[in-house]
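> Predicted model and sequence below, questions to follow.
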Amino acid sequence: MRTLLLSASLTLATTQIAHAGYHHNPEPEEVPETLPLLIVGASYANGHSPFDGDLSSPLLGLAVGSAQYISLGDALIRNRTHSGYVVNEAQASATTFDRESCRTALYAGGCSTAEFDGYQTQVLRASSRVLSLATGEYNAEYVIVTAPNDCLHSDAFGVPEADTRQCDEEDMQDVADRMVEIGQLVLGLGMTPIFAPYPSVDSVDLELFRQSSLLEWTITPTGYQMLNDTVMNTLATELPEAMVIDYWADFEHIGDGIHPDLATVEKAAATILEGIGYNVINVDEEPRTKRGRIKKRLREWLRRLH
């Protein structure tokens, strides 16, 4: 009898799902319209390195985790609370300034011909996507600015790794000042920049990051903490209009020492959306699509059968 009931339940659910059809987005009447989110930065925002017009790339086109990686930009699209409208102009390994890659493991003491785009270029590209020709206004309110590679490692300077050194306090202040300039650019366009503290030094493994990325050196734990403090204190003082959301408060890496795992980026995306006023859906709440409600009812039937 139990087998027959289970079979009947599965058949009914399959039939209902077939009639309901597949919906990539939640039903319009159940999810309020939301404006696009803009996101710029480095590999926390986008795991893919850029290509230029002739297919050259500063990191040979490599992607974090050989593309088995969900970035923050990806997680924002996947989050059921948001419309999925995300403009992502970030580039893996980017710094606040335009630069080449000069990783010895890739270029044997030389540098790439292609460049990473700095944050100003990224912001201008992202904002152009949402410009309304009818009104001349930008169809977005927020620009998420993720942490740059500046000072984090030996391939973050645009010169051969052998010619680089650890950043001192003045160098770190320069990074902070450049982040302020990016925030001012965003504000000048009529949008609000969103920043976040770096992940806790205890949650990253900088030596593993060096090894997994074939770098000559990475920032020391002390330097990492100083960089975070310098950037965040400067932003708080010089850019009070910006939003700061600590979306990396619970951080686990994917095994390479530095990049967030799936659970981390999903929670980060939800934290951002909640921080800007969206009613974030928990997985236990009522699904918003017919297909989701049918699957929930099927799970309930199966629990009762057992």
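Thanks, I have the structure now. Numbering: from 1, shown residues only.

> Give me the below-cutoff pLDDT ranges for the stretch 201-306 of the chain.
For the stretch 201-306 of the chain, applying pLDDT under 70 flags the ranges 279-306.

> Residue 184 falls within a helix, correct?
Yes. Note on residue 184: a helix contains this position according to DSSP: H, G, I helix; E, B strand; the rest coil.

> burial count for the closest residue to it other than its chain neighbours?
With sequence-adjacent residues excluded and distances taken as CB to CB, 6 or more residues apart in numbering, residue 184 is closest to residue 239, at 7.0 Å. Where C-beta positions appear, they are placed from N, C-alpha and C, glycine not excepted. Applying other CB atoms under 10 Å, we find 20 residues neighbouring residue 239.

> doesn't residue 182 make contact with residue 239?
No. Proximity of residue 239 to residue 182 does not meet the contact threshold set by CB atoms under 8 Å, at 9.4 Å.

> Can you pull the residues that touch both of those two?
residue 193 (CB atoms under 8 Å, 6 or more residues apart in numbering).

> ok, which stretches of the stretch 201-306 of the chain are strands?
For the stretch 201-306 of the chain, the strands identified by DSSP state E, counting those that start in this stretch occupy 243-244, in order along the chain.

> now the helices for the stretch 101-250 of the chain?
Ranges of helices within the stretch 101-250 of the chain are 104-107, 119-129, 169-188, 206-212, 221-238, based on DSSP state H, counting those that start in this stretch.

> now these as a markdown table including mean neighbour count?
Formatted as a markdown table, the helices of the stretch 101-250 of the chain follow (neighbours: other CB atoms under 10 Å):
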| stretch | mean neighbour count |
| --- | --- |
| helix 104-107 | 15 |
| helix 119-129 | 19 |
| helix 169-188 | 18 |
| helix 206-212 | 16 |
| helix 221-238 | 17 |
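
> Tabulate these in a markdown table, adding columns for distance to residue 73.
Converted to a markdown table, these look like this (distance: least, CB to CB, whole Å):
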| stretch | distance to residue 73 |
| --- | --- |
| helix 104-107 | 25 |
| helix 119-129 | 11 |
| helix 169-188 | 16 |
| helix 206-212 | 21 |
| helix 221-238 | 21 |
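
> closest to residue 137 out of the ones you listed?
Taking CB to CB as the criterion, helix 119-129 is the member of those that comes nearest to residue 137, at 10.8 Å.

> Other residues contacting that closest one?
Contact partners of helix 119-129, identified using CB under 8 Å, 6+ apart, comprise 36, 38-41, 87-91, 94-98, 117, 138, 140, 143, 145, 148, 178-179, 181-182, 185-186, 189, 191.

> Now restrict these to buried residues only.
Listed as buried from those are 36, 38-41, 87-91, 94-97, 117, 138, 140, 143, 145, 148, 178-179, 182, 185-186, 189, 191; burial here means 16 or more other CB atoms under 10 Å.

> Sort out which of those residues are in strands and list them.
Residues of those located in strands (DSSP state E): 38, 39, 40, 87, 88, 143, 145.

> Over to the residue nearest to residue 184: give its phi and psi.
Its backbone dihedrals place residue 239 at phi -140, psi 60, with angles given as degrees, to the nearest 10.

> list the contacts for it?
Residue 239 makes contact with 180, 183, 184, 187, 193, according to CB under 8 Å, 6+ apart.

> And for residue 91?
In this structure, residue 91 makes contact with 42, 46, 48, 49, 50, 116, 117, 122, judged by CB under 8 Å, 6+ apart.

> No more questions from me, cheers.
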